[in-house]
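J.: Sequence plus the predicted model coming up.
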Amino acid sequence: MQSSYWGYWLVVMGVAIVGLMISVQGITTNTTQDSYAIREITDASMLEAVDYAYYRDYNEIKIDKEKFMEVFLRMTAEVMGVNDTYEVNFYAIYEAPPKVSVEIRSNSGTNFIQVGEYDTTTRIDAIIQIHAENYNRESNSESNDNSENNTAGGTGSTEDDPGPAGGSGDIGNTGGESEAEVACKSGITSTSLNGMRGVAMISKPLYTTSERTETSLNVTPGVKFDILGENGRYWAIDYEGECGWVDSDYMAINLKDYIPSIAYAITNASSSMYKTYNGTSEVNIPNLTGQRLYSSEFNDFVPATYSFAQKLRIAQANAQANGDSLKIYDAYRPLAVTQYASNQLSSLRASNSQVRYYTNYSIGANTGTEYYWHESWFLAQRLSYHNTACAVDITLVGKESQMPTAMHQLSTEAIKYYASNVAHTTANYSGGMLNSAAARQLSSYMMNGTGLTDLASEWWHYQDNACHSRIGSGASFWSNV
């Protein structure tokens, strides 16, 4: 009898041990599978998030943080089972040089783990490291042009826009240059920008050679210079008769030189178009409408920070691929002009109750909601993206009359999204956007593959957040105010 009890307990213990081994094996197997899967997802997401336009321009690898997260979550959802429970945590994500740390906590599905709890944690640290020597874009110009011309949204030349003016000829010693000038120009690896004009947005060192070991002086915001060539993100320039090197991330280029196929109508340099609206018709803003706010130099020289200008070139290629072309009404705007315009609009609103109207929107659940507006929706009272040459007010050639409002009508009729605190999605478009196919086309050209962002309050405004953050403060030059 006693031996039969021992036999019974041995059988029970054997079953328990086998069950435990199966559970442990399940956890181990799931952990291993998750580790391999997550590592592959991380690698694939980083590669898909590489900013190839940045690499093409600077010969450096950089990823887009938001795109990496979006791709990672999408791919993870596709790999995980429908009934799987898991939690994704992003830790350090560095865009340049690319490095990410991702953690996934999951439930292995064993019986003793409750729903909503996690028994498996997989953490992946990954980097992209590519060693590449600086390439000479001149020696590869034919192959680069052919590949870029056939790439939608690329930065290469098009039939209508043959690309930046300036040749790729020899700009070395022409017979009368000093040794210092020859040494300075010897570091040039590309002359695609040769002959174009630029200006510093903030004071930066002027280096004597491309090695950037010694400086001669600092470039001053507002002092124009000629670009001689490039090496990576650095420009060789002729600054007041002296050859030197500057960091192009802090320089602006003349858009008229860089993207000549865009149409330019810088009305603030001649007669400002700023107006507001009283619910029935446009209203002039005293001391602002029809006034010249900028120096007339803006008619010939339209500065945009170079990294931003490169994104605008992609947007123009997008438009041209569909038979359209961009038209810029405002780019760089001195801080003094922004403040002056804001004050004039504020004064009008204080004295004229008709322009303090509201609009009843009829969009989904927001039907009948009243939204009052404030001048800061349209004219920043502090630092604006225009003040750092990282924003444009833009439309489409020949389609101005099809937009929600006239350019620079500062009213709720011009807003792109029905409220300032909603996501910038097509589902939240204002009535003006929904009724304007041209404005939606413009948005597509400006946002598709460019890295640009928009505003809730103006259908015409597009900006470069990274550019603005890098510049940091606005430079005020060529202002009449």
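T.: Alright, I've got the coordinates.
J.: pLDDT value on Val481, please?
T.: At Val481, the pLDDT value in this model is 80.
J.: can you check Ser139 too?
T.: Looking at Ser139, its pLDDT stands at 35.
J.: Break down the stretch 351-481 of the chain into its helices, ranges please.
T.: With DSSP state H, counting those that start in this stretch as the criterion, the stretch 351-481 of the chain has helices at 431-434, 437-447, 465-471.
J.: For the nearest residue to Asn284 once chain neighbours are set aside, which residues are in contact?
T.: Using Cβ to Cβ, 6 or more residues apart in numbering and skipping residues adjacent in sequence, the residue nearest Asn284 is Lys275, 5.9 Å away. Quick note: C-beta positions are derived from backbone N, CA and C, even for glycine. Going by Cβ atoms under 8 Å, 6 or more residues apart in numbering, Lys275 touches 282-285, 289, 406, 408-410.
J.: Write the ChimeraX selection for whichever of these are buried.
T.: Buried residues among the contacts of Lys275 (16 or more other Cβ atoms under 10 Å), as a ChimeraX selection:
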select :282,283,285,289,406,408,409,410
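J.: Among the contacts of Lys275, which ones are in strands?
T.: 282-284 (DSSP state E).
J.: that older thread, what about the residue nearest to Asn284, distance to Leu410?
T.: Distance, Lys275 to Leu410, using Cβ to Cβ, to the nearest Å: 7 Å.
J.: again, but for Trp459
T.: On the measure of Cβ to Cβ, Trp459 and Leu410 end up 12 Å apart.
J.: One more: Thr289?
T.: Using Cβ to Cβ, Thr289 is found at 10 Å from Leu410.
J.: any low-confidence regions in the stretch 51-200 of the chain?
T.: 53-54, 56-59, 79-84, 91, 107-119, 129-176 (pLDDT under 70).
J.: Which stretches in it count as helices?
T.: Applying DSSP H, counting those that start in this stretch to the stretch 51-200 of the chain gives helices spanning 52-58, 65-79, 141-149, 179-185.
J.: Dig out what Ile227 forms beta bridges with.
T.: Per DSSP bridges, the residues bridged to Ile227 are Ile237.
J.: roughly how far apart are it and Trp245?
T.: As judged by Cβ to Cβ, Ile227 and Trp245 stand 11 Å apart.
J.: Distance to Phe298 and pLDDT added to the ones in strands among the contacts of Lys275, as JSON lines?
T.: JSON lines is the format used below for these (distance: Cβ to Cβ, whole Å; pLDDT from 0 to 100):
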{"residue": "Glu282", "distance to Phe298": "24", "pLDDT": "91"}
{"residue": "Val283", "distance to Phe298": "26", "pLDDT": "91"}
{"residue": "Asn284", "distance to Phe298": "22", "pLDDT": "94"}
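J.: Out of these, the closest to Lys416 would be?
T.: Glu282 (19.0 Å; Cβ to Cβ).
J.: who's in contact with the closest one?
T.: Counting by Cβ under 8 Å, 6+ apart, the residues that Glu282 touches are 275-276, 406, 409.
J.: so where's the stretch 351-481 of the chain uncertain?
T.: Ranges of the stretch 351-481 of the chain meeting pLDDT under 70: 353-377, 381, 474.
J.: returning to what we had before: intersection of neighbour lists for Ile227 and Trp245?
T.: With Cβ under 8 Å, 6+ apart, Ile227 and Trp245 have common neighbours 235-237.
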